[in-house]
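# need coordinates for the below:
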Amino acid sequence: MGEMRSSIIILILLLINFAPLLAEKPPSVAIISNKADEPTAIFLGGLLSESRVQFDILGPRDFQRALENYDVIILLGGPKAYDGVGEISSNYIPPENATNLINEPRTFLISIYKGGRDIIVIAGHTRQETKEAVPYFFRDPIRVTKLWRWAGYPVDFRDGSYSIYYVEKWLYDNESMKFYSVPWGSEVIKANKVTLNGSSFFNVTYKSSYIYLGVNYTSIDYYIVDELNRPKKCVFVQLTNGEVSSKVERCPSGDSGLGGTQVYVTFKMEDYGNRTEFEIAGNPVRRSRIYQIGDKSIRAVLVIKYAMRYPSWEALAPFQLMYVNPSLPFGGRVIEVNNRFLEGVPVTDTVLKLYQYKP
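Numbering: from 1, shown residues only. Now for the predicted structure:
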């Protein structure tokens, strides 16, 4: 009861204090494309226009000028792209990913260089996969870029949509010297339509709960987002046994927080013919999965997410394996596996599995 009362009070304050977040100027954007990927450049530009973000479409010969004059540079095409695009984008793609992109059908890659400016490579095995990568960029990887909160993509949920995940945590057993999974908690995401200052928005709430040593820990993240899923107000709350222990009222900025220069990589792949597995650190991982939710069979494809130092390509922090299906709400997550490296070996920390949803 105390937790529910705290949640309601925070939501009311969130709505009362609603005010537009963005007073500063949006980032300037250059899209670098060859003629072959020009339709994708126009498609991408249309999405930016819908968000009222100005952009220019330039050729690969203008890359140096773009470095001098734009905050965000988006390169369309991988290492084999024509007319000099490949020579440029290869500098911002981890070499192993470049090889996989070339050799593996039905793959795309989004590589985000975070230095003085953002240099974003959106590339597919073919031009078709390059175009398919554009909507996915707006749904998830955009969160670590300067475009976050400025540019968006139409929401994939409706009033009353929800998703419920079960969470497993993997612990180490000293006796058997193996990791084993234990039920750990849940994550619930809900969307409700609200009207503020005469305009329609969604209140999207993420609630995660678990019990440890008899104490109930709950995290509640509130977002007010528009129809393009751009956050206008954010509140992050931590509760312990139903009492608020901390509250932060600020939307993430898109800064990495890791220090130095990094590249954030998102790599998507799916089954193609007899190619049904992909190897990560010597371990086979399925490229596609059929996941049963009630009486529905959901096909989900593999997305790998991690960060690296630049230019050494040293792996940083944990990495995620996700299985996604774009027909599902809130980014299409079906399974999310959070991993870390222990003495060079990948180890699972937590697994989220979709249990129930309403589009």
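# which residue ranges form the strands in the stretch 251-359 of the chain?
262-269, 277-280, 283-286, 288-293, 296-309, 315-324, 333-342, 345-358 (DSSP state E, counting those that start in this stretch).
# return the most buried member of the ones you listed.
Among the strands of the stretch 251-359 of the chain, strand 262-269 has the highest mean neighbour count (mean count of other Cβ atoms under 10 Å), at a mean of 23. C-beta coordinates here come from the backbone N, C-alpha and C atoms, glycine included.
# got the angle between that strand and strand 315-324?
With axes from the mean of the first three to the mean of the last three Cα atoms, to 10 degrees defining the directions, strand 262-269 sits at 30 degrees from strand 315-324.
# what pairs with strand 262-269, parallel or antiparallel?
Paired neighbours of strand 262-269 in the sheet (DSSP bridges): strand 107-114 (antiparallel), strand 296-309 (antiparallel).
# can you give me the neighbour number for the residue lying closest to K169 once chain neighbours are set aside?
Take K169 and drop its neighbours on the chain: the residue closest to it by Cβ to Cβ, 6 or more residues apart in numbering is W184, 3.8 Å away. The number of residues packed near W184 is 19, by other Cβ atoms under 10 Å.
# my guess is W184 contacts T350. True?
Yes. Using Cβ atoms under 8 Å, W184 makes contact with T350 at a distance of 6.8 Å.
# identify the contacts common to the two.
Listed as contacting both W184 and T350 by Cβ atoms under 8 Å, 6 or more residues apart in numbering are V167, E168, K169.
# of all those residues, which comes closest to G332?
Of all those, the one sitting nearest G332 is V167; the distance, using Cβ to Cβ, is 18.2 Å.
# ok, the helix or strand hosting that closest one: who's next to it in the sheet?
Using DSSP states H and E, V167 falls within strand 162-173. In the sheet, strand 162-173 lines up against strand 178-196 (antiparallel), strand 345-358 (antiparallel) (DSSP bridges).
# and P39, backbone torsions?
Main-chain dihedrals, P39, degrees, to the nearest 10: phi -60, psi -40.
# for the residue lying closest to G84 once chain neighbours are set aside, grab phi and psi.
Once flanking residues are discounted, G84 sits nearest to P60: 3.9 Å by Cβ to Cβ, 6+ apart. Main-chain dihedrals, P60, degrees, to the nearest 10: phi -60, psi -30.
# swap in the one 4 residues further on?
With angles defined as degrees, to the nearest 10, Q64 sits at phi -60, psi -40.
# from V85, how far off is it?
Using Cβ to Cβ, to the nearest Å, Q64 is found at 14 Å from V85.
# so which of those two has more stuff around it?
V85 (25 against 9).
# can you give me the pLDDT of the more buried one?
At V85, the model reports a pLDDT of 97.
# isn't it up against L75?
Yes. With contact defined as Cβ under 8 Å, V85 reaches L75; the gap is 6.5 Å.
# please enumerate the shared neighbours of the two.
With Cβ under 8 Å, 6+ apart as the test, V85 and L75 both reach I32.
# where's F137, which helix or strand?
F137 belongs to helix 127-139, assigned by DSSP H and E.
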